[in-house]
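Enquirer: Take this sequence and fold it.
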Amino acid sequence: MCLPCRHKIASEFSEESRKSIQSFFDKKAAFHDRSERIGESEHHTDWMNECATCQTPVHQIKDYSIACMGLGETMVYDPFPMMVCSKCEQEAQSQISKSTRDQWDKFIRDNFEGPPADALKPDGVPILA
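Expert: Below you'll find the model as predicted:
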C-alpha cells in the first residue's frame with residue numbers, strides 16, 4: 001500500500017482507535033531495543049526473524065504479517081521491515097472500534113482484489129503499523 005493511501009485510510013479511523021493502536025505499539029514494541037540489536041543490518045531477514053511486538057521467533061509462528069517501507073527501489077530500514085505475529089495482530093485489533101474495523105473492510109473491498117478481509121480469518125483485520 002502506498003503511503004498516501006495509508007495516510008488516507010488512517011485519517012478516517014476514529015481518533016480513539018488511532019490512539020489505541022499507537023498505544024499498543026508503544027507498550028509492546030521495543031523499537032529502540034530492536035534498533036540497538038539489529039540497526040546496522042540491511043538484510044531484511046535480520047529484521048523479520050522475530051515478531052516486532054512479542055519477540056517470538058519466526059520459526060515458532062504459523063501466521064503473521066510483514067510490512068516494509070520503500071523509497072523507489074530501495075528498502076528503508078529501521079523500524080522496517082517488520083513482522084507481527086497473528087496473536088499480536090489480534091491483540092492490536094481488539095483495541096479498535098467496530099466502526100474503524102468496518103472502514104478498513106470497506107477500504108480493502110474497494111481497493112484490492114480477492115476474498116473479503118473477514119473471509120481469510122474469522123476475526124482477522126489487518127493493522128496499520
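Enquirer: Mind telling me what element residue 24 is part of?
Expert: Assigning secondary structure by DSSP states H and E places residue 24 in helix 15-28.
Enquirer: Can I get that helix as CSV, trimmed to CA atoms?
Expert: Output in CSV follows, covering the C-alpha atoms of helix 15-28 (Å, rounded to 0.1, in the frame of the first residue of the first chain):
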residue,chain,number,x,y,z
GLU,A,15,-9.1,9.2,17.0
GLU,A,16,-9.7,6.7,19.8
SER,A,17,-8.8,3.8,17.5
ARG,A,18,-5.7,5.5,16.2
LYS,A,19,-4.6,6.3,19.8
SER,A,20,-5.3,2.7,20.9
ILE,A,21,-3.2,1.2,18.1
GLN,A,22,-0.4,3.7,18.8
SER,A,23,-0.5,2.9,22.5
PHE,A,24,-0.4,-0.9,21.7
PHE,A,25,2.8,-0.5,19.7
ASP,A,26,4.3,2.0,22.2
LYS,A,27,3.8,-0.5,25.0
LYS,A,28,4.6,-3.8,23.1
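Enquirer: Following the chain onward from it, which element is next?
Expert: In the C-terminal direction from helix 15-28 (assignment by DSSP H and E), the next one is helix 31-38.
Enquirer: Could you list every helix and strand in contact with that next one?
Expert: The helices and strands touching helix 31-38, judged by 3 or more C-beta pairs under 8 Å, 6 or more residues apart in numbering; DSSP states H and E, number zero. Every C-beta, even on glycine, is put in place using the N, C-alpha and C of the backbone.
Enquirer: so residue 23 makes contact with residue 96?
Expert: No. The criterion here is C-beta atoms under 8 Å, and residue 23 misses it with residue 96 at 11.4 Å.
Enquirer: neighbour count winner among these two?
Expert: The neighbour comparison of residue 23 against residue 96 (other C-beta atoms under 10 Å) goes to residue 96, with 21 against 12.
Enquirer: hmm, which helix or strand of the protein has the shakiest average pLDDT?
Expert: helix 117-120 (a mean of 52; mean pLDDT, DSSP states H and E).
Enquirer: sorry, back to before: from the middle of its chain, how far away would the helix holding residue 24 be?
Expert: Helix 15-28 sits 12 Å away from the centroid of its parent chain (C-alpha atoms, centre = their mean, to the nearest Å).
Enquirer: No further questions, thank you.
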